[in-house]
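Engineer: Pasting the sequence and the predicted coordinates here, then a few questions.
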Amino acid sequence: MSKLSKKIALVGPFGVGKSSLFRRFIDDAFSEDYKSTLGVQIQKKVIQMDNGTALSMILWDTEGHEEISESRSSYLLGSHAFIYVFDLTRIDTYKNINDQIVFLKSNYPNVLLKIIGNKVDTVVLKRVKKSLKEHNVNYDCLTSAKTGENVAELFVDIAVDLTN
Amino acid sequence: MSNSNKERFNNKVQLITTNHNGIVSYTDLNLFNNVSQGDIIYDLHPFFEIIKSLLQTYTPTNNEFSFPCVHLTMGSSSKERICDVNITIELAEIHVIIFDYTETYQELNRISQERNESIIKNQELVFSNKLLLEKESFKNDFIANINHEVSTPITSIKGFLDLLRKTDLSYEQDELVQIILRESEHLERIFGDMLDLSKIETGSFKLLDEPFDLKDLIQSIVESYKHIAEENALEFKVDIDTKLNPKMIGDKTRIYQIVNNLLNNAFKYTEKGFVKFKVSKKGGKYKKQIVEFEIEDSGIGIGEENQVTMFEAFVQHNDKGEGSGLGLHVVKSLVHLMKGTIDVESELGKGTKFTLDIRLRHDIEDNDKKESPKLKLKLPKSGRYRVLLVENKRSTQYLITRLLLNQGCFFVDVVSSAEEAIKAIENRVYDLLILDIKLTGMSGFDLALKIRKEYADEFIKDIPILGISAIKTLNIENMCAVNGIDSFLAKPFSEELLVGKITKLFKRKGKNIS
Ligand SMILES: Nc1nc2c(ncn2[C@@H]2O[C@H](COP(=O)(O)OP(=O)(O)OP(=O)(O)O)[C@@H](O)[C@H]2O)c(=O)[nH]1
Ligand SMILES: [Mg+2]
């Protein structure tokens, strides 16, 4: 029996909530404190798929960079999916997001990419959506590591995409 | 390498060798001592799963991979180390070399944490400011408008009621009219409180800083409550400290509002007995004086559990059901704005005592000021400042021109539209532009923006601009700032205010002031 394992890297600017999403997913916990990640933390979570297979999700929670090109390429190496996280409360984390996406898509053309707006608990949705539109941001989902909103869904989605 | 160096080095590096299935064939125990031969490296830490994909992609010439700054723990007991990991894949073996740089990295982490935090704070501020401003300006405009809309009809209701009372009314009718009158005043107060609160909350509330006579103020308060005490058969004990310095600087109206609010409550909630009003000098150094007001009554009192929350908005602690529940909240906010304190002692059924300390400044220059309310501007070489007044209302044109000419140091040119103003400033150098914001045609804001953006000549683009308007929206000053207007003065204004604003503006813009 070969265990299926997939590497998923959380990337994006610092302070957007990558570690918080990681923690919410792995331990179902959250902290208001900001402890900026240095380098990379790796954890594994095995999830049971509907079709009976068990998937080991190897999550790489990387340190934040304003530009994805500044990230250490060894952290991105061998990924099956990227979760690009931006912060809905800080325009600076998404105003140039399309450049980041282009970088990822051209350097890692076969890797699944999910664009996530996090901290949805803190914003007025209508207003933020307008701002996202103004900056041409196409996102896959809006999450809150704090409330857990859409977090499990996001990872399950990825798991499904990766096993199909 | 010397032995001790070697030891030090060994303490920081661990070598693990596995075969291509990940089974450990060799390891030292320098860092993680729970690794043993036969272990599967993938089970030691999920990081090592990366080896699986490296195995698929490596080539004999591209077989070394390095992963800096990886957080590793192995086994539940081992502590976390921050390591650089080098992985080399050979034909039969995989060498994993782990370098422990925990201390160095932790130091780095501290630095990057600080940097990130400060950047994030900034970005959040920008964002939340924008959001708040939008929300607030909507709310404030709304409240200001409502207030305006409501105060006009209330004023006329009160006026007509007064007229009505002068007609021939039966006793009962007169009673009814008086009730309506009282209720209208009540309504008026609620709207006043609302407006004050919204200003306080947005920080746009400005306390005046003006000389006033404290004794006069106290006296007028006492007078107005004497009657009420008589009407209600209550004893009104008044105790005013003779050591109080009467010449103060502060916001008279707001002090009145605070004290009035507390006295009003005292009389309202006292059926029999007394209301006491005591004012004393409590100390203060040099220019400062702390004035203490005590308002005490023998009324219904406030239960202990309510004393904590009574200063919050929309809280009422009586069954009289009057008031918006904003009054005490406004009082407290005003007191805080004046850097004062307010305390309450109360016992249910026995009475209530409010103690209020307010810091005021002595008006030391009192005498000088009265003698020379004139502007202290040093004259430019030309002898006078040249002012362009852009105002479409005749009466205001006249008023401002008169006020300025009174000072003896201004030339005033008057135009009544932005279009004419443009012609004027292109032809002549002005020291100041006084600009009505509400012009017909091009607005004052547009004119100011045009001046700031479209002209290269310094004498035009940097000209000091004073905006004037009767518009009372709360964020008008922000709007001015955004549109390049340096300073704002609300109509109607006094000579002193106008001249004061101009003096301040000139000072800020680096014009000569004596
Ligand atoms: N309200 C709210 N706060 C969040 C959410 N997610 C994260 N935060 C807060 O945002 C801050 C940064 O979160 P992290 O998860 O450390 O951010 P990061 O992307 O890992 O940051 P780096 O490691 O520096 O790149 C922390 O103070 C979190 O508590 C969220 O969904 N809602
Ligand atoms: Mg992090």
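Structural biologist: Received the coordinates, thanks. Ligands and ions are numbered 1, 2, ... in the order given.

Engineer: Have a look at the chain and report its longest helix.
Structural biologist: Because you didn't say which chain, this covers chain A. helix A:151-163 (DSSP state H).

Engineer: try again with chain B
Structural biologist: helix B:102-166.

Engineer: quick one: strands adjacent to whatever helix or strand residue B:433 lives in?
Structural biologist: Secondary structure from DSSP states H and E places residue B:433 in strand B:432-436. Next to strand B:432-436 in the sheet, as set by DSSP bridges, lie strand B:385-390 (parallel), strand B:465-469 (parallel).

Engineer: Including distance to ligand 1, could the ones you listed go into a markdown table?
Structural biologist: Where you see a C-beta, it was placed from the backbone N, CA and C, and this is true even at glycine. Output for these, formatted as a markdown table (distance: least, CB to the nearest ligand atom, whole Å):
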| stretch | distance to ligand 1 |
| --- | --- |
| strand B:385-390 | 48 |
| strand B:465-469 | 40 |
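
Engineer: I'd like to know which of those strands lies nearest to residue B:81.
Structural biologist: strand B:465-469 (63.0 Å; CB to CB).

Engineer: starting at the chain centroid, how far to that closest one?
Structural biologist: Relative to the chain's own centre, strand B:465-469 is displaced by 23 Å; criterion: CA atoms, centre = their mean, to the nearest Å.

Engineer: same check, this time on stretch B:102-110
Structural biologist: On CA atoms, centre = their mean, the centre of stretch B:102-110 falls 39 Å from the chain's centre.

Engineer: Let me see the mean pLDDT of it.
Structural biologist: Stretch B:102-110 carries an average pLDDT of 88.

Engineer: One more: stretch B:330-346?
Structural biologist: Computed over stretch B:330-346, the average pLDDT equals 88.

Engineer: Stretch B:14-22 too?
Structural biologist: 96.

Engineer: is any part of it close to chain A?
Structural biologist: No: judged by CB under 8 Å from any CB of the partner chain, stretch B:14-22 and chain A are separated, with a smallest distance of 12.0 Å.

Engineer: contacting residues around that stretch?
Structural biologist: Applying CB atoms under 8 Å, 6 or more residues apart in numbering or on different chains, the external contacts of stretch B:14-22 come out as B:24-32, B:35, B:40-42, B:48, B:51-52, B:55, B:92-98, B:100.

Engineer: Now it: buried residues?
Structural biologist: Using 16 or more other CB atoms under 10 Å in any protein chain shown as the burial criterion, the residues of stretch B:14-22 that qualify are B:14, B:16, B:17, B:18, B:22.

Engineer: Over to stretch B:468-482?
Structural biologist: For stretch B:468-482, the neighbour count (16+ other CB under 10 Å) marks B:468, B:469, B:473, B:474, B:475, B:476, B:477, B:478, B:479, B:480 as buried.

Engineer: ditto for stretch A:106-125
Structural biologist: Buried positions in stretch A:106-125, judged by neighbour count with 16+ other CB under 10 Å: A:108, A:111, A:112, A:113, A:114, A:115, A:116, A:117, A:118, A:119, A:120, A:123.

Engineer: and if you look at stretch B:289-305?
Structural biologist: B:289-302.

Engineer: next one: stretch B:239-250
Structural biologist: Quick answer for stretch B:239-250 (16+ other CB under 10 Å): B:247, B:248, B:249, B:250.

Engineer: Check what pLDDT the last one gets.
Structural biologist: Right, residue B:250. For residue B:250, the model assigns a pLDDT of 87.

Engineer: What sits closest to it if chain neighbours are left out?
Structural biologist: residue B:360 (4.6 Å; CB to CB, 6 or more residues apart in numbering or on different chains).
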